[in-house]
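[1] the sequence and its predicted three-dimensional model are supplied below.
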Amino acid sequence: MTETINATNLVNVSAKKEQAGADHTQSSESVEKEAENGNKKKVYPRKPKPIIPEGMSKHQWKKMMKRKRWEENKVQMRVARRQRLKERKQERKRKIQELKDKGEDYSSLLPAKKPKKLTVDEQKDTNVSIIVDCAFDDLMLEKEVVSLSGQIARSYSVNKRSPNRVKLVIGCFNKRLKSRFDESLKDYFKWDHNEIEFTENDLDKLFVGKDLSKVTYLSADTDEKIEELKSGETYIVGGIVDKGRHKNLCKEKAEKLGIKTRRLPIDECIKISGRKVLTTAHVVELLIRWFEYKDWTKTFEQVLPARKLKDNKPRNKEAKD
Ligand SMILES: C[S@@+](CC[C@H](N)C(=O)[O-])C[C@H]1O[C@@H](n2cnc3c(N)ncnc32)[C@H](O)[C@@H]1O
């Protein structure tokens, strides 16, 4: 990469916000306050009033401005992120070398080793399909669509490396999500189509004439928990990043289509920090890796990041060198 810039010099967010705000505000006058003794007090700029386009609420305007700022800064932020990762990697290398020189144990600093990709013949077919339902493009911010595309790539990678293979189906693959793949994850059409299929069809089309008793939509908003995964069945995971904005969204969609919903048995198996609504990628990975352990507690411990697990065993040390 030719661009090398210092992460600390980048994107002063508040300065950018002011700049973006100023583009859409009335010109502000300074306010000078006279003290009683006639001396001038400090000068404070008057807070500029936004000009909100007619027919738009303040909330919609703020959302639009946020999206605009993100669009304007996304390239710089990407470069900054890469730079931060590079610096972190160099720092880890330096620490490892320091411990090596002292003859001390440095295994905790080694990155987790990714298992290698397996061929279809090296994997066991679970005869299970997982549909990632991506019908919520319009409800996401641009950066959330980007995040979802990364989660789909991760799900494919997990499936490709798992001893137990499922059939991944990316449903309602269209709009910004498809554009993101076409522009930035161009290799996806070369992925192994025994393991993943992309379709623009939504669930109603995918299930025409199918037996819905063998279909389950995973949802954190439902009471009944999933017990086990069964051969010949289909599991649907919502393909959306919504930061809690759209509670019950997938549950209600499933109910309308006559598909049963189940939650993961989080409360029964582990204590987790924060929300019990997991990301699409974590849920897909949990479903795939359940076949390794056939035990939810163990699967949660292996898949969820340490920061999410409270009082539970850390991830398997075997994952490290
Ligand atoms: C980020 S969540 C989306 C939350 C969204 N508001 C909804 O209505 O489901 C992504 C998907 O992961 C699955 N999921 C997340 N946490 C879950 C849990 N605790 N139990 C079952 N499924 C879960 C659901 O399929 C969910 O749609």
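    Done, it's in.
[2] break this protein down into its domains, please.
    As given by automatic domain parsing, the domain ranges for the chain are 80-111, 120-303.
[3] so which of these is nearest residue 46?
    domain 120-303 (31.1 Å; Cβ to Cβ). C-beta here means a position set from N, CA and C on the backbone, and glycine is covered the same way.
[4] and the closest one, how far out from the chain's middle?
    With Cα atoms, centre = their mean, to the nearest Å as the basis, domain 120-303 stands 12 Å off its chain's centre.
[5] so what's residue 239 up against?
    Taking Cβ atoms under 8 Å, 6 or more residues apart in numbering, we find residue 239 in contact with 132-136, 148, 151-152, 170-172, 177, 280.
[6] follow-up on the earlier one: how about the domains of the chain, which one is nearest residue 55?
    domain 120-303 (19.2 Å).
[7] got the end-to-end distance for the closest one?
    23 Å (Cα to Cα, to the nearest Å).
[8] pull the longest helix from the protein.
    Using DSSP state H to define each element, the chain has its longest helix at helix 58-102.
[9] that helix packs against which elements?
    Applying 3 or more Cβ pairs under 8 Å, 6 or more residues apart in numbering; DSSP states H and E, one finds that helix 58-102 contacts helix 13-23, helix 142-161.
[10] which residue sits closest to the residue of the stretch 151-300 of the chain found nearest the ligand, ignoring its sequence neighbours?
    The ligand sits closest to residue 238 of the stretch 151-300 of the chain, with a gap of 2.2 Å, by Cβ to the nearest ligand atom. Closest residue to residue 238 apart from its sequence neighbours, by Cβ to Cβ, 6 or more residues apart in numbering: residue 250 at 3.9 Å.
[11] the one you found: how many residues sit nearby?
    Other residues near residue 250 come to 26 when the count uses other Cβ atoms under 10 Å.
[12] what about it, distance to residue 147?
    17 Å (Cβ to Cβ, to the nearest Å).
[13] that older thread, in the sheet, who's paired with the residue of the stretch 151-300 of the chain closest to the ligand?
    On the basis of DSSP bridges, residue 238 is bridged to residue 133.
[14] please give me every residue in contact with residue 224.
    Residue 224 neighbours (Cβ under 8 Å, 6+ apart): 260-263.
[15] repeat the analysis, applying 7 Å as the threshold.
    By Cβ atoms under 7 Å, 6 or more residues apart in numbering, residue 224 lies in contact with residue 262.
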